[in-house]
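# Structure, please.
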Amino acid sequence: MQRIVLAYSGGLDTSIAIAWLAEKYAAEVVAVTLDIGQGRELSDVRERALAVGAVRAHVLDVREEFANDYILPALQAGALYEDRYPLATALGRPLIARKLVDVARMAATGKRTTSSGSSWASALSIRRSRCSRRPGSGA
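Numbers count the residues shown, from 1 in each chain. All right, here's what the predicted structure looks like:
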């Protein structure tokens, strides 16, 4: 069976994505959440991912790695968005991608795919599609 490793935020979009990916691709979904210091409790994220259908869920503490390898070099280089704001969110994306690939390699059974949260427009489309079906109709 195919296994998809999903960057999971714990929000509505990625929670819906777990069931959608499992159904659309007949795949097992592994949820991965990174604690990069976003300042909120992530203890319930793992349980939420499992409750909505993930076969496994990981919460990785990468705060030190993010600060040392991404934030510090960016601040030293003066990287700012619109000359005002640090690029912390954008800087986290390469680390998230790398950790997804690491988890996908650990789960190296058969095919493996990684997935991230979708854009607002495509997430809205998926939500509409999933919410407009009649239960048990498959349509």
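# Quick one: list the elements packing against the lengthiest helix in the chain.
Taking DSSP state H as the criterion, the chain has its longest helix at helix 88-106. If contacts are counted by 3 or more Cβ pairs under 8 Å, 6 or more residues apart in numbering; DSSP states H and E, helix 88-106 sits against strand 2-7, strand 27-35, helix 63-66, strand 112-115. Bear in mind the C-beta positions are built from the backbone N, C-alpha and C, glycine included.
# Pick out the residue closest to the middle of the chain.
Centroid check for the chain by Cα atoms, centre = their mean gives residue 7 as the closest residue, at 1.5 Å.
# what sits opposite that residue in the beta ladder?
residue 32 (DSSP bridges).
# how far away is it from residue 55?
For residue 7, the distance to residue 55 (Cβ to Cβ, to the nearest Å) stands at 16 Å.
# again, but for residue 67
To residue 55, residue 67 is 31 Å away according to Cβ to Cβ.
# Compare these two and say which is more crowded by neighbours.
Neighbour count, other Cβ atoms under 10 Å: between residue 67 and residue 55, residue 55 has more, with 17 against 14.
# phi, psi of the more buried one?
The phi and psi values for residue 55, taken as degrees, to the nearest 10, are phi -80, psi -30.
# contacting residues for it?
Residue 55 makes contact with 3, 28-30 under the criterion Cβ atoms under 8 Å, 6 or more residues apart in numbering.
# Need the phi and psi values for residue 26.
When read as degrees, to the nearest 10, the backbone of residue 26 gives phi 50, psi 50.
# which residues touch it?
By Cβ under 8 Å, 6+ apart, residue 26 lies in contact with 1-2.
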